[in-house]
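Engineer: test case, fold it:
(chains A and B)
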Amino acid sequence: MINTTILSYVTFVYFAAFLFYLCMMIMNKETFGRLASIISFLGLLTHAFAIGLRWYESYELGIGHAPFSNLYESLIFFSWTVILLYLLVEWRTKNKTLGVFVTPLAFLAMAYASFSPSINSKIQPLIPALKSNWLIAHVITCFFGYAAFGLSFGLSLMYLIKQSKGAKNSNLFLRLIPKITVLDELNYQVVVIGFLMLTLGIITGSVWAHSAWGSYWSWDPKETWSLITWLVYALVLHSRMVRGWRGKRIAFLCIVGFSCVLFTYFGVNYLAGLHSYAKS
Amino acid sequence: MVERVTKPNPIWKTFSSVKLAIVLLILIAITSVLGTFIPQREEAFDFARKLSPTTFHFFQALHLFDMYHATWFRVLIGLLALNLVVCSIDRFPTTWRRFSAQPRPDRTKLFQDLSPEQSFEAKVSGDWLLKAIEAYLNAHYKRVHKALSSGQAFFYGEKGRFSHFGVYLVHLSILVIILGALIGSFFGFEAYVNILEGDQVHTALLRGRALPIDLGFSVRCNDFRVAFYDNGAPKEYRSDLSFLVNGKVVKSAILLVNHPVRFRGITFYQSSYGSVAGDTAKIRLVKKASKLEATSMTVKVGQKNTLPHQEGTFEITQIKENFMRMGPAVLVSVDSRDGNRYRFWVFQHCETIMQRFPGIFQQFPKLNPSSFEPYTFFLDEIESRYYTGLQLSKDPGVSVVWAGCFLMIGGLFVTFFTSHRRIWIRVSEQKGVAKISVAGMANKNPVGLERELYGLTKALQEKLKGEAQ
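Structural biologist: Numbering: from 1, shown residues only, chains lettered A, B, ... in the order given. Here you go, the predicted model:
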């Protein structure tokens, strides 16, 4: 299939973008940053085209459905949402340093999807449980949530690195990273987006489960882990808004939160449950 | 009226603390993890069998095989709900004050250290200027009022004061969802039933308790079909159901996965399917003497058949889908002419069984298809019947849960994307030149406030310039 070939090339595009962001930070040259942004943007467009093409090709095969139905397709979409959200943040904040921390998430997800032998990249027909209009709403909201939490993870790492070196340090690599207070504020904003999206994702998921599995909540491991993730980010928001926590503790909690996201996404596949189609 | 105790009650104090909320959130998160690693409910049996008796009793005592329905877990959620209610009541007066407070327009402290972008000068003066500003504020802000003092005029306006209630909406939504879940667990049920094609049932088994409940009507499965894709993956499970009341069909419907059917408050879901042995089998009789002589016939359970050369009669007394884990088999009973009875099992997959267990048929006459000489019985096929596995559920709390979800989304939007912005404008005139300054406060989103103040200053400047000409 052409779409999988294009998508496997996109992996390298994002890797190139990462290298350019890295060069920008090490050499402190604006040109590299601008190139990195252009490469990421072109990657995003190609990526979107390939997803659209996959959608179209599924109809050509007579088993048409939105390309959100298995692990391969979800990884591809996750990586796309990460880059899309990142570029939006870059455009709003006019700072490109987050790119170094976030593009690896995108290219690792792409590489895992495209080159892991255990992942089937074929377009598969939808099994009865997945034949629902809620599929699209559920997957899109969840993955925008995951992507926002991915950005929050990147921002938290930046915060911890920048903070540990002290504000006055003029380390080449750290020079371009914004002030820690800016990082903290930005982190809060992406967590809010992620939290809202995860809430919508859990709600659309339970509406769907209500019609597919007969119950809006069955304590399936994936459901439970998404609730755990939701609780962790609820904790982040409360400790920040009510108890006034800032900085290091929030950054640490966000990293815990993102590990819960990863477990909800991948770890749960090793446990038995109803979400088994997301495994391969 | 009883006088309020001034010293806060220690229990009240505990439950009104965010610290408790944080501890409870962490506890619920950590304990929830357990249930994702320990198989729950129906899946628990195999796991439980592998445990040592001590571990098993420990798990059992803590209800770890159904922990999300255990009392201790419900207590945790109940405490969180109580914490939410108390926190909300405790903080509400403060919120209400913030919501309803009417700050004085003439505050001067706010205007110290203004950024230069927040003030400008206009060559207009007098009542006209004040009216223009007031008109602009009235059009864009709420609760606008002004104050005049010693050559200065002050205005106050605000927007988004309902943003203070966003958090209450979110917390209320959680309580509504918990209420919906409670309604479901008290007044709802979940049950299962398998219906053979052509059969009808009027009871179903309650989940977890295996108690039959009477539905008050009957369900008939007219037809069940399963379709597969070319790659072998299932494409569709489809049950054709009829609902009967007093023997009369009241409703007929096609039930698919993702398309439940509702009848009299009970929702039916396509949950599983399977097949059981029917009551007929295809039998082939081969007589040893003449290899060519084989007779095939379709035999019903309990029906007597005569052997091809009147050596006696035979019947099938049992049909098993999977006998001794060796596949389909039938129990044949032969009554010979001389009055002897031979009873033996005939397997469908005779040859495979012989390869796996050489000599098994010679060793156990009860399993030998050639027990009645000179015939050998062969089982070609047993008829199987499909059954559809239905899940039934009644949950009057669902609509309450959905209402809670809507409330939560609305509440989150109000909480995160609106803010109570209060703005003050000061106009001071000196020698026909008016200096206009804009200041403001917000309960959250300082960046948004800054943008708002900047925009307001610009807009006023434009308006005054435009009208002065």
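
Engineer: the helices in the stretch 301-450 of chain B, which residues?
Structural biologist: When secondary structure is read from DSSP state H, counting those that start in this stretch, the stretch 301-450 of chain B shows helices at B:350-356, B:360-363, B:398-417, B:446-468.

Engineer: what sits against residue A:104?
Structural biologist: residue A:18 (C-beta atoms under 8 Å, 6 or more residues apart in numbering or on different chains). All C-beta atoms are positioned from the backbone trio N, CA, C, and that covers glycine.

Engineer: quick check on it: phi, psi?
Structural biologist: Here is the backbone geometry of residue A:104 (degrees, to the nearest 10): phi -60, psi -40.

Engineer: what helices and strands are in contact with the helix or strand containing residue B:134?
Structural biologist: Using DSSP states H and E, residue B:134 sits in helix B:127-140. Helices and strands touching helix B:127-140, by 3 or more C-beta pairs under 8 Å, 6 or more residues apart in numbering or on different chains; DSSP states H and E, are strand B:142-149, strand B:152-159, strand B:421-430, helix B:446-468.

Engineer: list the contacts of the residue in the stretch 51-200 of chain B that chain A sits nearest to.
Structural biologist: Going by C-beta to the nearest C-beta, chain A is nearest to residue B:68 of the stretch 51-200 of chain B, at 4.5 Å. For residue B:68, the contact set (C-beta under 8 Å, 6+ apart) comprises A:219, A:224, B:32, B:35, B:40.

Engineer: list just the nearest of those to residue A:246.
Structural biologist: Closest approach to residue A:246 among those (C-beta to C-beta): residue B:32, at 27.9 Å.

Engineer: run through the residues that contact the closest one.
Structural biologist: Contacts of residue B:32 (C-beta under 8 Å, 6+ apart): A:224, A:227-228, B:68.

Engineer: show me the contacts for residue B:83.
Structural biologist: Residue B:83 is in contact with B:15, B:20-21, B:24, counting by C-beta under 8 Å, 6+ apart.

Engineer: pLDDT of the helix holding residue B:134, averaged?
Structural biologist: Helix B:127-140 comes out with an average pLDDT of 88.

Engineer: gap between that helix and the chain center?
Structural biologist: Helix B:127-140 has its C-alpha centroid displaced from the chain centroid by 53 Å (C-alpha atoms, centre = their mean, to the nearest Å).

Engineer: how about residues contacting it?
Structural biologist: With C-beta under 8 Å, 6+ apart as the criterion, helix B:127-140 contacts B:122, B:144, B:146, B:153, B:155, B:157, B:159, B:425, B:427, B:434, B:436, B:456, B:459-460, B:463-464, B:467.

Engineer: what residue ranges in the chain score low on pLDDT?
Structural biologist: In the absence of a named chain, chain A is used. Counting by pLDDT under 70, chain A has low-confidence residues at A:166-172, A:272-280.

Engineer: can you look at chain B instead?
Structural biologist: For chain B, applying pLDDT under 70 flags the ranges B:1-7, B:125, B:289-292, B:467-469.

Engineer: hmm, residue B:177 and residue B:397 touching each other?
Structural biologist: No: look at residue B:397 against residue B:177 with C-beta atoms under 8 Å: they stay out of range, at 9.3 Å.

Engineer: tell me the buried residues in the strand ranked longest in chain B?
Structural biologist: Assignment by DSSP state E gives strand B:266-287 as the longest strand of chain B. Neighbour-count burial for strand B:266-287 flags B:266-271, B:273, B:277-278, B:280-283, B:285-287 (criterion: 16 or more other C-beta atoms under 10 Å in any protein chain shown).

Engineer: okay, among those residues, which ones form the most distant pair?
Structural biologist: Checking these with C-beta to C-beta, the most distant pair is B:267 and B:287, at 57.5 Å.

Engineer: tell me which stretches of the stretch 1-150 of chain A form strands.
Structural biologist: With strands called from DSSP state E, counting those that start in this stretch, the stretch 1-150 of chain A shows none.

Engineer: before we move on, back to that, so which of the buried residues of strand B:266-287 would you say is closest to chain A?
Structural biologist: For these, the residue nearest chain A by C-beta to the nearest C-beta is residue B:269; the value is 3.9 Å.

Engineer: the closest residue to chain B within the stretch 1-150 of chain A and residue B:258: what is the separation?
Structural biologist: Closest to chain B within the stretch 1-150 of chain A is residue A:128: 3.8 Å, counting by C-beta to the nearest C-beta. Distance, residue A:128 to residue B:258, by C-beta to C-beta, to the nearest Å: 7 Å.

Engineer: just residue A:42 next, same as before
Structural biologist: 39 Å.

Engineer: tell me which of those two has more neighbours.
Structural biologist: Neighbours around residue A:42 and residue B:258, counted as other C-beta atoms under 10 Å in any protein chain shown, are more numerous at residue B:258. The numbers are 18 against 14.

Engineer: now that we have the contacts of residue B:83, which one has the most neighbours?
Structural biologist: Within the contacts of residue B:83, residue B:21 tops the neighbour count with 24 neighbours, counted by other C-beta under 10 Å.

Engineer: touching, that residue and residue B:80? I think so.
Structural biologist: Yes: here residue B:21 lies in contact with residue B:80, judged by C-beta under 8 Å, at a distance of 7.1 Å.

Engineer: what's the closest non-adjacent residue to the residue of the stretch 1-150 of chain A closest to chain B?
Structural biologist: Sequence neighbours aside, residue B:257 is the residue nearest to residue A:128 in space, at 3.8 Å (criterion: C-beta to C-beta, 6 or more residues apart in numbering or on different chains).

Engineer: now residue B:8
Structural biologist: residue B:16 (8.0 Å).

Engineer: ditto for residue B:245
Structural biologist: Closest to residue B:245 by C-beta to C-beta, 6+ apart is residue B:217, at 4.8 Å.

Engineer: helix, strand or coil for the one you found?
Structural biologist: Each residue gets one of three states, and residue B:217 gets strand by DSSP: H, G, I helix; E, B strand; the rest coil.

Engineer: go on, the one 4 residues further on?
Structural biologist: The three-state assignment at residue B:221 reads strand, by three-state DSSP.

Engineer: could you do residue A:177 as well?
Structural biologist: Of the three states, residue A:177 takes coil under three-state DSSP.

Engineer: and it, what is it in contact with?
Structural biologist: A:97, A:158, A:161-162, A:183.

Engineer: and which of these is nearest to residue A:9?
Structural biologist: Nearest to residue A:9, judged by C-beta to C-beta, of those is residue A:97 at 26.2 Å.

Engineer: and the closest one, how far is that from residue A:50?
Structural biologist: Residue A:97 is 28 Å from residue A:50, where distance means C-beta to C-beta.

Engineer: which residue ranges of chain A form helices?
Structural biologist: For chain A, the helices defined by DSSP state H cover A:2-27, A:30-60, A:71-93, A:98-115, A:134-165, A:180-212, A:221-241, A:248-265.

Engineer: I'd like the distance from stretch A:235-243 to the chain centre, please.
Structural biologist: In terms of C-alpha atoms, centre = their mean, the gap separating the centre of stretch A:235-243 from the centre of its chain is 23 Å.

Engineer: got the residues of the stretch 151-300 of chain B near chain A?
Structural biologist: Residues of the stretch 151-300 of chain B lying near chain A by C-beta under 8 Å from any C-beta of the partner chain: B:181, B:190, B:229, B:231, B:233-237, B:256-260, B:267, B:269-271.
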